[in-house]
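Q: sequence and predicted model, in that order:
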Amino acid sequence: MCEGHDHKEQKRVNLATSVLAANDSLAQENRDIFKDMLVVNLVSSPGSGKTSILERSLLELRDEFSLAVIEGDVFTDRDAQRIKKTGVSVIQINTGGACHLDAKMIRKGVDQLDLDGVDLLFIENVGNLVCPAGFDLGEDFKVTVLSTTEGDDKPAKYPAMFKKSAAVLVNKVDLKEALEIDLKALDAELFEVSPQATVFHVSAKTGEGFAGWLDWLKAEIKKKQAIKLG
Ligand SMILES: Nc1nc2c(ncn2[C@@H]2O[C@H](COP(=O)(O)OP(=O)(O)OP(=O)(O)O)[C@@H](O)[C@H]2O)c(=O)[nH]1
Ligand SMILES: [Mg+2]
């Protein structure tokens, strides 16, 4: 009985490994398609404020850069409808049940978008703090949004996402007093789990902290453009 169980477990591990390997190879193909633009994969729990952060960021960036967005959700095109109001090109991908986007879905989405001359492509992943961490989409880097309403203990509880992120946006700081969240303790925990990540305290509602986040993003766009120009 134990041997049978081990065999099944081994088959499960082999299957997961081959799914991830297939995804990695498609992600590499996407990365070739994305060689002339910065691609940011925005990840978080549901409702942390990814779309709200995008709406404000796009309005601030759209006069200076050519932008596009791929929205990922299990169902509905509600987020794409919100993004459309900013005037930025957007397409919606519905996973139909899957808890993350994968490289194949992105490839299909890319075929529907005109990416000629685009400087910055945002991908908003499905709201989930676990699954999207394992799937490379061909992006330059992931940015994790963590909202103050989720509590300051999440980096240590869900470390994979934070470890893989170039930046963390601590959103909804306009609520910090009401929530009595200790932002210093959160920063310390973030530093312990993901020392590589640049951390910004922001509010998509009031715009607090956006200047720092957008300056950082603009510098990343310019770094990518410098690579393109050789
Ligand atoms: N107070 C406050 N509310 C915010 C802020 N950012 C977003 N919200 C609210 O939080 C809720 C969820 O925001 P969304 O932007 O839809 O979050 P999301 O991460 O895109 O959600 P999913 O795509 O469903 O995962 C909405 O009611 C927003 O108005 C913020 O900085 N402060
Ligand atoms: Mg959203």
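A: Cool, got the structure. Ligands and ions are numbered 1, 2, ... in the order given.
Q: which residue does this structure have closest to ligand 2?
A: Nearest residue of the chain to ligand 2: Thr51, at 3.3 Å (C-beta to the ion). From N, CA and C alone the C-beta is placed, and that goes for glycine too.
Q: hang on, that residue packs against Asn125?
A: No - using C-beta atoms under 8 Å, Thr51 is not in contact with Asn125; the gap is 11.4 Å.
Q: what's the neighbour count on Asp63?
A: Using other C-beta atoms under 10 Å, Asp63 has 6 neighbouring residues.
Q: before we move on, what about Ala103?
A: The tally of other residues near Ala103 (other C-beta under 10 Å) stands at 21.
Q: Thr51 and Asn125 - which one has more neighbours?
A: Of the pair Thr51 and Asn125, Asn125 is the one with more neighbours under other C-beta under 10 Å, namely 28 against 22.
Q: next up, the contacts around the residue lying closest to Pro159 once chain neighbours are set aside.
A: Using C-beta to C-beta, 6 or more residues apart in numbering and skipping the chain neighbours, the partner closest in space to Pro159 is Val193 (5.0 Å). Contacts for Val193 were tallied using C-beta atoms under 8 Å, 6 or more residues apart in numbering; they are Pro155, Ala156, Pro159, Phe162, Lys163.
Q: which residue, other than its chain neighbours, is closest to the residue of the chain closest to ligand 2?
A: Asp79 (4.8 Å).
Q: helices or strands up against the helix or strand harbouring the one you found?
A: Using DSSP states H and E, Asp79 maps to helix 78-84. Contacts defined by 3 or more C-beta pairs under 8 Å, 6 or more residues apart in numbering; DSSP states H and E place helix 78-84 against helix 50-61, strand 67-73, strand 89-94.
Q: how big is the angle separating the last one from helix 50-61?
A: It stands for strand 89-94. With axes from the mean of the first three to the mean of the last three C-alpha atoms, to 10 degrees applied, the angle from strand 89-94 to helix 50-61 works out at 170 degrees.
Q: which SSE is immediately downstream of strand 89-94?
A: With DSSP H and E setting the assignment, the helix or strand that follows strand 89-94 is helix 103-111.
Q: pairing partners for the next helix-or-strand element following that following helix, with directions?
A: Using DSSP H and E, the helix or strand that directly follows helix 103-111 along the chain is strand 120-124. When pairing is defined by DSSP bridges, strand 120-124 lines up against strand 38-44 (parallel), strand 67-73 (parallel).
Q: average pLDDT across strand 120-124?
A: Computed over strand 120-124, the mean pLDDT rounds to 98.
Q: picking that back up, mind listing what's buried in the helix holding Asp79?
A: Neighbour counts over helix 78-84 (16 or more other C-beta atoms under 10 Å) mark Asp79, Ala80, Ile83 as buried.
Q: for the residue nearest the centre of the chain, what are its contacts?
A: Most central in the chain under C-alpha atoms, centre = their mean is Leu42, positioned 1.6 Å from the mean C-alpha point. With contact set as C-beta under 8 Å, 6+ apart, Leu42 has these partners: Lys50, Ile53, Leu54, Phe122, Ile123, Glu124, Asn125, Lys142, Val143, Val145.
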